[in-house]
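3D, please:
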Amino acid sequence: MQAEPPPRITILALLVAGTNFMENLDATAITPAVPQMARSFAVRPVDLNSGVSAYMLTLGIFMPISGWMAERFGARRVFGLAIALFTLASLLCGLARGLDEFVLLRILQGVGGAMMTPVGRLVVLRVTPKARLIDIFAWLVWPALVAPVLGPPLGGLLVDHGGWRWIFYLNLPLGAVAFGLVWWLVPDTRGPHPARFDRRGFLLSGLALVCLLTMAELFSRARIPWREVAALGFAGGVLLAAALLHMRNHAAPLLDLSVLRVKSFAVTILGGSLFRMSVGAVPFLLPVMFQIGLGYDAFTAGTLLMAVFAGNLLIKPATTPILRRFGFRNVLIFNGLLNALALACCAGLGRFMPLPVICAILFLGGATRSMQFTALNTIAFADVPQARMAGANTLFSTAAQLAMGLGVAVGGIAWRLGEALAPAAPAWPFRIAFLVVALLALLGVLDCLSLPRGVGAHVSKGKN
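A predicted model of the protein is given here:
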């Protein structure tokens, strides 16, 4: 039997997971508060999109520089200041009196969020032995899965009983505790010789991410402005190609693409991004399908979503034993197929189905997504040398942020396609959308077939 990870590393992982959860919860809990916020600011609800978009775009712009900041100024200092900035901006967002003020403060909050999660993960990667990565990443991945499910109902509860400002005030005690723990738990690591800042890479990658994430946000609107979508998609593609070309030829690029030569890491970026796109589409599609496509009330729809959360949570004790018993390649392939099957089953959901059957399908989807997240996030860094960990972590964080955002775009495109094919049937657009998302998840599994047998054995078998 493997020994437990040292308590200090486990507590550090919980600290990083907690800050990640705080960030993800803040981003998702705001959705049900939009009508009340619009009344408070004396604007239309649609105008609040600027506040939501400002935060998301700021994450995309500043996340690529998180690794350089940690190498240049020290991981503990950057992580601590990111928590402080995020918490202070949360307080100011709660005190905002107008929309323009709120948007500016959400940008400030986004700067803190862009540094908080990647730098926190980098700290954990640097102090965790390879043999303990599975145990530690089992804790690190749950916020990205749980927060999108818990965020909207929690936001609705806070709005009903305290007002929308409490969504932001909730971060104050969490941020204060996290900030205090940083100086006790986080070692002050930094690179021996930080490279000069890659300004051109920052400009190209930032603009590309702004275009692509803005395009993704437009797909969540009731009426999609197709001209703007096409223009942003074209501009984003050109800028992204220019950024990749620049970074391949730069001596010290902002995003180190050479780490993609590590096969296990490359699979988590390419195939893993397809999986994350499918994950990003689900929180967008499920609530709307339950209420518009199937006619459930908001309470029933929210209750059904708790089955996804239950699957995420209850599989956690089994993830490490399963990965140690069957290995990364087998789990990524078999579990990935189960995840694609669960998504395809969502296409068959209907009012004729008993609620326990619907809950079972959602539970399977939540459990398989949790397992796949843990496996992908762990194998990503299993073969990466410590000297290249900062660059790998930055590239991983940026790709994950982009993939989750584009997942909404894929879900929106598939939904609109379904509406065009079956305009008279309310449920059919969602059925088509889930089949498209399931196909996306299946394509991600195909990339896992290229992994060599026994990949990550030194991690899954608990050997350094």
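
give me the low-pLDDT residue ranges for the stretch 51-200 of the chain?
191-194 (pLDDT under 70).

please name the nearest non-neighbouring residue to A400.
Ranked by Cβ to Cβ, 6 or more residues apart in numbering and with sequence neighbours excluded, the top spatial neighbour of A400 is R276, at 5.8 Å. Quick note: C-beta positions are derived from backbone N, CA and C, even for glycine.

so the one you found makes contact with A403?
Yes - here R276 lies in contact with A403, judged by Cβ atoms under 8 Å, at a distance of 3.9 Å.

re the thing from before, what's the helix or strand for the residue nearest to A400?
helix 263-288 (DSSP states H and E).

just A409 next, same as before
helix 389-421.

now do that helix against helix 263-288, angle only.
Following axes from the mean of the first three to the mean of the last three Cα atoms, to 10 degrees, one obtains 40 degrees for the angle between helix 389-421 and helix 263-288.

just the buried positions in helix 389-421, please.
Neighbour-count burial for helix 389-421 flags 389-416, 418-419 (criterion: 16 or more other Cβ atoms under 10 Å).

tell me which helix or strand comes right after the helix holding R276.
Using DSSP H and E, the first helix or strand after helix 263-288 is helix 298-314.

show me what that next one is packed against.
Applying 3 or more Cβ pairs under 8 Å, 6 or more residues apart in numbering; DSSP states H and E, we find helix 298-314 packed against helix 142-161, helix 263-288, helix 355-382.

select, out of those helices, the one closest to A433.
helix 263-288 (5.6 Å; Cβ to Cβ).

tell me what the closest one is packed against?
Using 3+ Cβ pairs under 8 Å, 6+ apart, helix 263-288 sits against helix 142-161, helix 298-314, helix 328-346, helix 355-382, helix 389-421, helix 428-448.

how far does the very next helix or strand once past the first one sit from its chain's centre?
Tracing the chain C-terminally past helix 142-161 and defining elements by DSSP H and E, one meets helix 165-169 next. For helix 165-169, the separation from the chain centroid amounts to 22 Å (computed by Cα atoms, centre = their mean, to the nearest Å).

list the buried residues of helix 165-169.
Buried, per 16+ other Cβ under 10 Å, within helix 165-169: R165, W166, I167, F168, Y169.

what's it packed up against?
helix 7-29, helix 75-95, helix 142-161.

can you list those in a markdown table and add mean neighbour count and distance to N49?
Shown next, in a markdown table, are those (neighbours: other Cβ atoms under 10 Å; distance: least, Cβ to Cβ, whole Å):
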| stretch | mean neighbour count | distance to N49 |
| --- | --- | --- |
| helix 7-29 | 21 | 14 |
| helix 75-95 | 22 | 16 |
| helix 142-161 | 20 | 16 |
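
can you put those in a markdown table and add distance to H246?
A markdown table is the format used below for the helices and strands packed on helix 165-169 (distance: least, Cβ to Cβ, whole Å):
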| stretch | distance to H246 |
| --- | --- |
| helix 7-29 | 29 |
| helix 75-95 | 25 |
| helix 142-161 | 29 |
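
now for those helices, which one comes closest to Q291?
Using Cβ to Cβ, those put helix 142-161 closest to Q291, at 12.0 Å.

R126 is in what secondary structure piece?
Going by DSSP H and E, R126 is part of helix 99-127.

what's the first helix or strand after that helix?
helix 133-140.

which helices and strands sit right next to that next one?
In this structure, helix 133-140 packs against helix 7-29, helix 99-127, helix 316-326, helix 355-382, helix 457-460, with contacts taken as 3+ Cβ pairs under 8 Å, 6+ apart.

which residues does it contact?
Outside helix 133-140, the residues within contact range by Cβ atoms under 8 Å, 6 or more residues apart in numbering are 2, 4-5, 9-10, 13-14, 16-17, 20, 121, 124, 128, 316, 319-320, 323-324, 374, 377-378, 381-382, 459-460.
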